[in-house]
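Student: test case, fold it:
(2 chains)
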Amino acid sequence: MNEATDRLIGRLVAEAAPVRRLRPPMVGAALWLLSVAVVGAVLIFAFSDLAVFERRAADPKLVLELIGTLATGIAAVIAAFYLSLPDRSGAWAVLPLPPLALWIASSGYSCYRHWITFGPDGWELGESGDCFRFIVAVSVPLGIALFLLLRQARPIAPVRVTAVGGLGVAGLAAFLLQFFHPFDVTFIDLGSHLAAVGLVVAVSSFAGGRWRA
Amino acid sequence: MPPAATDPHSDDQGWSRKMAAAQDGDRAAYDQLLREILPFLRAVVAGQHRRPDRIEDVVQDVLLTIHRVRHTYDPGRPLRPWLAAIARRRSIDALRRRGRTEALEVADDLAYETFADPAANRELEAAQNTAGLSGAIAGLPPSQREAVELLKIKEMSLAEASRASGKSTTALKVNVHRAIKALRAQLTGERK
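Tutor: Okay, here's the model as predicted:
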């Protein structure tokens, strides 16, 4: 045997203390999602105008957007937990893509309807700046909490874990935004939502790239 | 390809049991496991690397990673795919690192002198004499010697060298900087 390898094995064995096994990925994801659900529910009941939301929720477009954002968030968080383990398939990264497509398609359709109805006003900036800030501001604490948990697995390919995790927190933030967003989405709004999601995914991927250092 | 000496399934069951025992702190099982999986790891790494010394370096990196992430192994699942995934990932990392290093490498200033002046050739050969350099490295203080061995001879990244030595990346940077300064002074001094 190579002498250096032999020495390395000796050193690793000498420092091999018992370790606590990581909980299964689905359990980790469920625990994290459950805690976010509790905090989210408190925020919604305390600060959102549920009467306005109820009126808007009668619109199937909004229901589709809600399903799209929530499913993207949940699917991406579950995928990130699986991707954080060495021997799980990279195909988990694809899991959030169908709900992401539903989210973009339903928001896009809303924009189109809004544009047809309001003409050039459908392009107005509206509250887009607030939406952008909301998604980014909510994603930061969610992302920190998620990445602290994911880091326990010490992923061997961290960038894809944090990129998919970033998509998850941005999706959940966009879901929460619906409760504080009492108007239809304009193209500019959709652009700002997607820009915020893109920013969160980009920052998350960058953070993942630094994990090995 | 895994080595075909034994039945992979019986191997895998035994390895899984040993890894589970190692997770619980059984050092003898861990020692046995790490030695038994070496041919398998070398075979996986050899799929991407050809030079035996490079293969061994990557295998060492794989062993370090296995040690670091051993808590992520689920004893209910086979160990072989878990090991293979880590070995493949570290092989790819090593290839990328090598690509980056080679892209950033510049020619040694002294190399130009080899073509211009025969006297310089002799001096350079003396300076590049492996035995002389090994002797100079051996004469360095232990912390500087370790930094040079890990970062320059084994071509580890700062993070890997930090894990292997248990020292901070800053300490390693300082040590390797001092070591190179000392080696340069020593080798230049010898030539003069």
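Student: CA only for contacts and neighbour counts going forward, please
Tutor: Fine.
Student: okay, now B:Pro142: neighbour count?
Tutor: 12 (other CA atoms under 10 Å in any protein chain shown).
Student: what does A:Val197 give?
Tutor: What A:Val197 shows, counting by other CA under 10 Å, is a neighbour count of 24.
Student: before we move on, what about the one 3 residues further on?
Tutor: A count of neighbours around A:Val200, defined by other CA under 10 Å, yields 26.
Student: assign the one residue in chain B that gets nearest to chain A to helix, strand or coil.
Tutor: Relative to chain A, the nearest point of chain B is B:Gly25 (3.9 Å; CA to the nearest CA). Secondary structure state of B:Gly25, per DSSP: H, G, I helix; E, B strand; the rest coil, is coil.
Student: gap between it and B:Leu158?
Tutor: 29 Å (CA to CA, to the nearest Å).
Student: which helix or strand in chain B has the lowest average pLDDT?
Tutor: Within chain B, no helix or strand scores below helix B:109-116, which has a mean of 53 by mean pLDDT, DSSP states H and E.
Student: stretch A:79-98 - what's its average pLDDT?
Tutor: Taken as a whole, stretch A:79-98 carries a mean pLDDT of 95.
Student: got the contact list for that stretch?
Tutor: A:25-26, A:28-29, A:71-73, A:75-76, A:150, A:153-158, A:160-162, A:164-165, B:72, B:81-83, B:85-86 (CA atoms under 8 Å, 6 or more residues apart in numbering or on different chains).
Student: go with 6 Å
Tutor: A:25, A:72, A:75-76, A:155, A:161, A:164-165, B:82, B:85 (CA atoms under 6 Å, 6 or more residues apart in numbering or on different chains).
Student: out of these, which are inside helices?
Tutor: Among the contacts of stretch A:79-98, the ones falling in helices (DSSP state H) are A:25, A:72, A:75-76, A:161, A:164-165, B:82, B:85.
Student: so which of these is the closest to B:Asp61?
Tutor: Nearest to B:Asp61 among the ones in helices among the contacts of stretch A:79-98 is B:Ala85, at 13.3 Å by CA to CA.
Student: what sits against that closest one?
Tutor: A:86-87.
Student: ok so, going back, show me how to select, in ChimeraX, the buried members of the contacts of stretch A:79-98.
Tutor: Buried subset of the contacts of stretch A:79-98, written as a ChimeraX selection, criterion 16 or more other CA atoms under 10 Å in any protein chain shown:
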select /A:25,72,75,76,155,161,164,165 /B:82,85
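Student: for the contacts of stretch A:79-98, give me TSV that also has pLDDT and distance to A:Ala16.
Tutor: TSV is the format used below for the contacts of stretch A:79-98 (pLDDT from 0 to 100; distance: CA to CA, whole Å):
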residue	pLDDT	distance to A:Ala16
A:Pro25	95	24
A:Thr72	96	40
A:Ala75	97	35
A:Ala76	97	34
A:Pro155	91	20
A:Val161	93	27
A:Val164	95	32
A:Gly165	95	31
B:Trp82	95	19
B:Ala85	94	22
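Student: I figured A:Ala163 hits A:Ala202, correct?
Tutor: No. Using CA atoms under 6 Å as the test, A:Ala163 is too far from A:Ala202 to be in contact (7.0 Å).
Student: who has more neighbours, these two?
Tutor: Taking neighbours as other CA under 10 Å, A:Ala163 and A:Ala202 compare with A:Ala163 leading, 24 against 17.
Student: so what's the residue count around the nearest residue to the more buried one once chain neighbours are set aside?
Tutor: Leaving aside its chain neighbours, A:Ala163 sits nearest to A:Ser205 (4.6 Å; criterion: CA to CA, 6 or more residues apart in numbering or on different chains). Other residues lying near A:Ser205 total 20 when counted by other CA under 10 Å.
Student: what do you get for B:Val69?
Tutor: There are 20 residues near B:Val69, going by other CA under 10 Å.
Student: roughly how far apart are the nearest residue to it once chain neighbours are set aside and B:Thr169?
Tutor: Once flanking residues are discounted, B:Val69 sits nearest to A:Arg154: 6.3 Å by CA to CA, 6+ apart. From A:Arg154 over to B:Thr169 the distance is 19 Å, taken as CA to CA.
Student: same question, B:Ala94
Tutor: 19 Å.
Student: tell me how far A:Leu62 lies from A:Phe53.
Tutor: 10 Å.
Student: sorry, slip of the keys, the one I care about is A:Gly198.
Tutor: 26 Å.
Student: list the buried residues for stretch A:9-24?
Tutor: Buried, per 16+ other CA under 10 Å, within stretch A:9-24: A:9, A:12-13, A:16, A:21-22.
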